[in-house]
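Student: Take this sequence and fold it.
(one chain, ligands or ions: 1)
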Amino acid sequence: MSLGKAMIHARKQKSIVKAAIHAGDHAHVHPHHILQMPVLVLNASYEPINICGARRALVLVLKGIARTEEEHGLVLHAQRSRIPMPSVIRLLEYRRIPHQTRALSRKNILLRDRNTCQYCGILFSPGELTLDHVVPRSRGGNSTWENLVACCHACNRRKGNRMMSEIEDMMLLREPRPFSLHTSRQIMRMLGRGDDRWRKYLFY
Ligand SMILES: [Zn+2]
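Tutor: Predicted structure coming up:
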């Protein structure tokens, strides 16, 4: 099986990835989380342009679209190959980045909200979060950047069908906004603050 196929196969068979990742001193990190770890994406010009999950980053590297600039320290074992898990990757061809909002998706909303429930402020793994309509759908709320937030199941149940104006014991951490390049940059800087491998590309 080629590495590319192994990755695609791995996407369907998480257990294979579990078996393949040797976490070393990161053994406390669940393998599934390792593949979701954020990877900084640089343009060919070294300008930071995005954050993606480690799984996506590995696919870009294996397809020859990007190369690993900084390694994470973990190694993926696939057949006879060892692939260092990337922390920072760089696209080999320069891409013009449109200054438009990203696609509205569960993944992007969780990224915007940094996997943090926007009501209780607790950090969760993506699987433990749901999307909450601030104005409930049953009351005419739409699925938009401004009306969807990351929310834990407990807060989601507690809020129920109520409007914010009807709730005294819950508050939104911040007003939900579209995910712009500006938001991306803020998140990149925030995530990269404590990481030397990211910092040199983010602060100059
Ligand atoms: Zn919550």
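Student: CA atoms for contacts and neighbours, from now on please.
Tutor: Will do.
Student: Using the record's domain definitions, break this structure down for me.
Tutor: Structurally, the chain divides into domains by automatic domain parsing as follows: 3-98+181-202, 106-166.
Student: where exactly do the helices run in the chain?
Tutor: Applying DSSP state H to the chain gives helices spanning 3-12, 14-20, 31-34, 54-62, 106-112, 153-159, 181-192, 196-202.
Student: weakest of those by average pLDDT?
Tutor: Note on those: helix 14-20 shows the lowest mean pLDDT, a mean of 40.
Student: Counting residues, which strand of this protein comes out longest?
Tutor: The strand of greatest length in the chain, counted in residues with DSSP state E as the criterion, is given as strand 66-78.
Student: List the buried residues for that strand?
Tutor: Residues A66, R67, T68, E69, E70, E71, H72, L74, V75, L76, H77, A78 are the ones in strand 66-78 that count as buried (16 or more other C-alpha atoms under 10 Å).
Student: got a list of what the fourth one touches?
Tutor: It stands for E69. E69 makes contact with P86, S87, V88, I89, R90, according to C-alpha atoms under 8 Å, 6 or more residues apart in numbering.
Student: try it again with 7 Å
Tutor: By C-alpha atoms under 7 Å, 6 or more residues apart in numbering, the contact list for E69 reads V88, I89, R90.
Student: same deal with the second one?
Tutor: With C-alpha under 7 Å, 6+ apart as the criterion, the residues that contact R67 are V61, I89, R90, L91, L92.
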